[in-house]
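Participant: Need a 3D model of the sequence below.
(chains A, B and C)
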Amino acid sequence: MSAVLKAPLTVEFPFTRSVGPVQSAFLTGLRERVILGVRTGDGRTLVPPVEYDPVTAEEIRDLVEVAPTGTVTTWAWNHAPRRGQPLDTPFAWVLVRLDGADTALLHALDAPGPDAVHTGMRVRVRWAGERSGAVTDIACFEPYDGDPAEPTGHSGEFADAVTGIVARARLDYTYSPGRATTGYLHALAGHRMVGERCPSCRKVYVPPRGACPTCGVATAEQVEVGPGGTVTTFCIVNIKAKNLDIEVPYVYAHIALDGADLALHGRIAGIPYDQVRMGLRVEPVWTEGGRYPDHYRPTGEPDAAYDTYKELL
Amino acid sequence: MNREIAVVAFAQSDHRRTSDESSEVEMLMPVLHEVLERTGLKTADIGFTCSGSSDYLAGRAFSFTLALDGVGAWPPISESHVEMDGAWALYEAWVKLRTGDADTALVYSYGKSSPGSVRDVLTRQLDPYYMAPLWPDSVALAALQAQALIDAGRTDEPALAAVGARSRADAGTNPHAQLRGSVPQGDYLVRPLRTGDCPPIGDGAAAVILAAGERARDLCERPAWIRGIDHRVEAHAIGVRDLTDSPSTRLAAERAGAFERPVDTAELHAPFSSQEVVLREALRLGDSVRVNPSGGALAANPVMAAGLIRIGEAAARIHRGESDRALAHATSGPCLQQNLVAVLEGDPR
Amino acid sequence: MSKEPVAVIGVGQTKHVAARRDVSIAGLVREAARRALDDAELTWADIDAVVIGKAPDFFEGVMMPELYLADALGAVGKPLMRVHTAGSVGGSTALVAAGLVAARVHGTVLTLAFEKQSESNAMWGLSLPIPFQQPLLAGAGGFFAPHVRAYMRRSGAPDTVGSLVAYKNRRNALKNPYAHLHEHDITLEKVQASPMLWDPIRYSETCPSSDGACAMVLTDRAGAARAPRPAAWMHGGAMRSEPTLFAGKDCVSPRAGRDCAADVYRQAGIADPRREIDAVEMYVPFSWYEPMWLENLGFAAEGEGWKLTEAGVTELDGDLPVDMSGGVLSTNPIGASGMIRFAEAALQVRGLAGEHQVDGARRVLGHAYGGGSQFFAMWLVGAEPPSS
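Facilitator: Have a look, this model is predicted:
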């Protein structure tokens, strides 16, 4: 069997998150260097403020300011910070109960080493230099040995409140397509379309998926199909898709390659788009360096009769 | 309809650091074949199929639709999928059998952690406004919980190391486990947790067949009867919870009848050594209970399948006559946020 | 002992829009859940378990978001499950919840489905680039348009039928305050003149991208007896799946859909769906799927579905109204779209559908599908409790 194929796969998006009123107040407060909690019906103060009481499920909106100083309730020393974490030098993850709060906030503590950190130690917020209304407006916590800071008595009302955040998230994966697809890709490199036959129902799958989806057994016997094929059905694309450098209109077709038991997808060219029809006989056109056929073009053969491909629709 | 339902067969893959030569369906399919073979059933004989997996693990949306190829869903099957550990897929199947709509169920789950960085991937489970932007990885969150236990005097680092050592020693007899025998405790990953306190990262799949009533007896010499199964969730934010306790586990165990009589075996889904400490206490497991004879998640932790494997391992011990009453547990979410408990029994011998 | 009958006693939806910028994800689901509880006049404490569904997690960029949503859904200390069966998920989620009641595991269950598509971009979420794979040559419409052409070829349907469906559904949406698209100046000519995106599918024959949530409270006989408003009773429910693509797949009328409907009709004792079912909330993301599903669901013989549409049978005042709410064509928070179909079916038999109520609707089908026309979920609800 061929060597395992691998390629990087990056899943990345700047998610646009609307935050709702309570989270808006908290995040706007951070921008203004004010920390707000929310009071529950039974008088507890939750920091960071959540929108719904974790005990009673009631909606809670009663904002109350707490101090930017507090006490570590537990910690963990992170000697090797990872991408996206608050500090890029070794730090402690901490849960901090701010003075005036009944619950703890997760963040980073900048400390010289694990020996300088303990549960019960006093800390205060170190504000980020540039703040936008995000939890990262708290740069981190730092050790603090003074008295609890006094809240300023902020009402929780702000001009120009933050209503959303942009949360960039990137995850890096290494993709490997597995045995069957790897074999298919290797054959494509030689401009051959090689599918696999199910040992049970004898159907030929192109591209092969490793399993016959109706029999639930592995396919293995390789079968070369095509190059000729029949357009079973199609649509005419009139809108330009992102990331695709194809002039519209063009035809996107289902093509049953000769010898295959189901159609694959491809673009039809070499014929005016409005002359493409079901039953048209086509063959692949390869371009230099392309992994897949660039498109399929008419072979000039007579059209296939509907009965010969209607089971492949 | 209060029918008796049992686990009648269990199969799992060999769990490995990577399975990059196989697609998900290529990894899963042999496990499906094995579990069906154990009962002599074919896909078409199965009344209901349910699976558990997560798109995020390998970075592919709708990953479960491709996995379905391995089932052979033709003619069409009655089927469902949870974006949860397979233990919850088993729960859904158990409910389906309880309604009487089906007599047998195939449950499977799979997870490939090798394509991504699972520590970072799991940060995407956290609330997207306050926690996820800080990228606190799964080991860091477990370490905060471990330190809270140490501060409370409930454990210490040597005791945690002993949990890992015992698990991997027990895994010596489990041919599917990823980490077996003597494994160094290693350096701190996130203090106080060392490499040895953390689960191996790897790929794997598992499958279980459930059957109701007499059908179960037909398919299995000694069915593992599900006497009770329940699951509960806690508040999401770790700062509002007591991390040294697991009230949701305790409540699920109560509802599943775990405290009515002692169990002889417990398969706990504790990916971190410190979490076993929490779970033992919540489940009131005494020293006489054999905990994680399979090696548990510290020996193999294919994410999304590791919980189902606990139920499968507990059931398999009953099938083999090595247990009469076993508890199986599965967890999900940061610091044991969500927990499932099942109580399994064999017929008297 | 037979199954416990399942009743819908609460329904709640958000006003579906392109972007709900005023709420968090929790705020969005909460709004629908709260409305469903209010409809049933219940509190959070009355709920025994929560079953939630949505389409791929990449849409919002939150992995298994039910963990974060546990607090907002009042699920703390309760069982919480998360279903994902692609586009059919809203329907499947309701069926999983119904199973909990039918099996007498729980008495009263909250079920909810949502999508907040404005957090990302649906096309991004649906087509993450996969290395080595041929890029998709067209958007979602391009995936379905060839199947529509195959249907037209097979049935001989005139190419005007798709526009009729879109025109009908958009007019129905005007009577539904929760619908996303409210095109007050809609005319058939405007639909027919809208750009041909993926020939044979026009722009006006496609669904929008919405933020929205839908919730239901399901309960047993005792719960229904206490309910302040009429209940909808489940007479049948089923899921069927077949592989995405396979040799011999009928993409126009998938067997999984036919089998699923047949199972539901068997449970409900329906021999002639066309005669015995009063209305349908059908999952129609592209207008041509109405005639296609009319055949697949057994309301018309093969090749005849378009004739019902053309004759006005599926109009709000027709003999078999379809998508009284305006349907997916007017509202599409993907993960919630299936549950909206189920919930709208329930509202009809409860007589609570408001302006888009079908007079005397006693038995209504809710239908959902997803993936490559491979996952189906349906239920049939009635105004009366099931007889058996």
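
Participant: quick one: average pLDDT of stretch C:361-368?
Facilitator: Averaged across stretch C:361-368, pLDDT comes to 98.

Participant: Let's see that stretch as PDB, backbone CA atoms only.
Facilitator: C-alpha atoms of stretch C:361-368 as PDB (Å, rounded to 0.1, in the frame of the first residue of the first chain):
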ATOM      1  CA  ALA C 361     -56.900  20.700  11.400                       C
ATOM      2  CA  ARG C 362     -57.000  17.400  13.300                       C
ATOM      3  CA  ARG C 363     -54.000  15.500  12.100                       C
ATOM      4  CA  VAL C 364     -50.900  17.200  10.800                       C
ATOM      5  CA  LEU C 365     -47.500  15.900   9.700                       C
ATOM      6  CA  GLY C 366     -44.200  17.500  10.700                       C
ATOM      7  CA  HIS C 367     -41.300  16.500   8.500                       C
ATOM      8  CA  ALA C 368     -37.600  17.100   8.500                       C
END
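
Participant: Which of the three states applies to the closest residue to chain C within the stretch 51-200 of chain A?
Facilitator: Taking CB to the nearest CB, chain C has its nearest neighbour within the stretch 51-200 of chain A at residue A:57, 3.4 Å off. (C-beta placed from N, C-alpha, C; glycine too.) Here residue A:57 is coil, with the state taken from DSSP: H, G, I helix; E, B strand; the rest coil.

Participant: Skip the chain neighbours and tell me the closest residue to it.
Facilitator: Nearest residue to residue A:57 in three dimensions, chain neighbours excluded: residue C:74, at 3.4 Å (CB to CB, 6 or more residues apart in numbering or on different chains).

Participant: Residue nearest the middle of chain B, spatially speaking?
Facilitator: For chain B, residue B:307 is the residue whose C-alpha lies nearest the centre (CA atoms, centre = their mean; 0.8 Å).

Participant: buried stuff in the helix or strand hosting it?
Facilitator: Using DSSP states H and E, residue B:307 sits in helix B:306-319. Buried residues in helix B:306-319, counted by 16 or more other CB atoms under 10 Å in any protein chain shown: B:306-319.

Participant: I'd like those residues written out as CSV, with pLDDT and distance to residue A:309 added.
Facilitator: Below are the buried residues of helix B:306-319 laid out as CSV (pLDDT from 0 to 100; distance: CB to CB, whole Å):
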residue, pLDDT, distance to residue A:309
B:306, 98, 47
B:307, 98, 47
B:308, 98, 43
B:309, 98, 46
B:310, 98, 50
B:311, 99, 48
B:312, 98, 46
B:313, 98, 50
B:314, 98, 53
B:315, 98, 49
B:316, 98, 49
B:317, 98, 55
B:318, 98, 54
B:319, 98, 50
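
Participant: just to revisit the earlier point, quick one: pLDDT of the residue nearest to residue A:57?
Facilitator: In this model, residue C:74 is scored at 97, pLDDT.

Participant: Are we agreed that it is in a strand?
Facilitator: No. The assignment for residue C:74, made by three-state DSSP, is coil rather than a strand.

Participant: May I ask you to confirm that it is in contact with residue C:47?
Facilitator: Yes. In this structure, residue C:74 is within contact of residue C:47 by CB atoms under 8 Å, at 6.1 Å.

Participant: what sits in contact with each of these two?
Facilitator: Counting by CB atoms under 8 Å, 6 or more residues apart in numbering or on different chains, the contacts common to residue C:74 and residue C:47 are residue C:110.

Participant: Now do the worst-scoring helix or strand of chain C on mean pLDDT: everything it contacts.
Facilitator: The helix or strand of chain C with the poorest confidence is helix C:122-126; it has a mean of 77 (mean pLDDT, DSSP states H and E). With contact meaning CB under 8 Å, 6+ apart, helix C:122-126 is reached by A:13, A:242, B:61, C:56, C:58-59, C:139-140, C:209, C:334.

Participant: now, which of these sits nearest residue B:118?
Facilitator: Closest approach between those and residue B:118, by CB to CB: residue C:58, at 16.7 Å.

Participant: residues near the nearest residue to that closest one once chain neighbours are set aside, how many?
Facilitator: Once flanking residues are discounted, residue C:58 sits nearest to residue C:125: 4.4 Å by CB to CB, 6+ apart. Residues lying near residue C:125 (other CB atoms under 10 Å in any protein chain shown) number 22.

Participant: Who are the contact partners of residue A:87?
Facilitator: A:81, A:108, A:110, A:139-140.

Participant: And it, how close does it get to residue A:109?
Facilitator: 9 Å (CB to CB, to the nearest Å).

Participant: hmm, back to that, alpha carbons only: can I get the least confident helix or strand of chain C in CSV?
Facilitator: Below are the C-alpha coordinates for helix C:122-126, written out as CSV (Å, rounded to 0.1, in the frame of the first residue of the first chain):
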residue,chain,number,x,y,z
ALA,C,122,-23.2,29.0,7.0
MET,C,123,-21.3,28.3,3.8
TRP,C,124,-18.0,28.4,5.8
GLY,C,125,-19.4,26.0,8.3
LEU,C,126,-20.8,23.7,5.7
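
Participant: Mind listing what's buried along it?
Facilitator: Across helix C:122-126, burial judged by 16+ other CB under 10 Å covers C:122, C:124-126.

Participant: Then stretch C:334-345?
Facilitator: C:334-345.

Participant: In those residues, find the pair that's most separated.
Facilitator: So, the buried residues of stretch C:334-345 by CB to CB: farthest apart are C:334 and C:345, at 18.8 Å.

Participant: thinking again about what came up before, so what's in contact with residue A:87 and residue A:109 at the same time?
Facilitator: Listed contacts common to residue A:87 and residue A:109 are residue A:140; contacts here mean CB under 8 Å, 6+ apart.

Participant: ok, now which ones touch the residue of the stretch 1-150 of chain B found nearest chain A?
Facilitator: Chain A sits closest to residue B:72 of the stretch 1-150 of chain B, with a gap of 2.3 Å, by CB to the nearest CB. Residue B:72 is in contact with A:211-217, B:43, counting by CB under 8 Å, 6+ apart.
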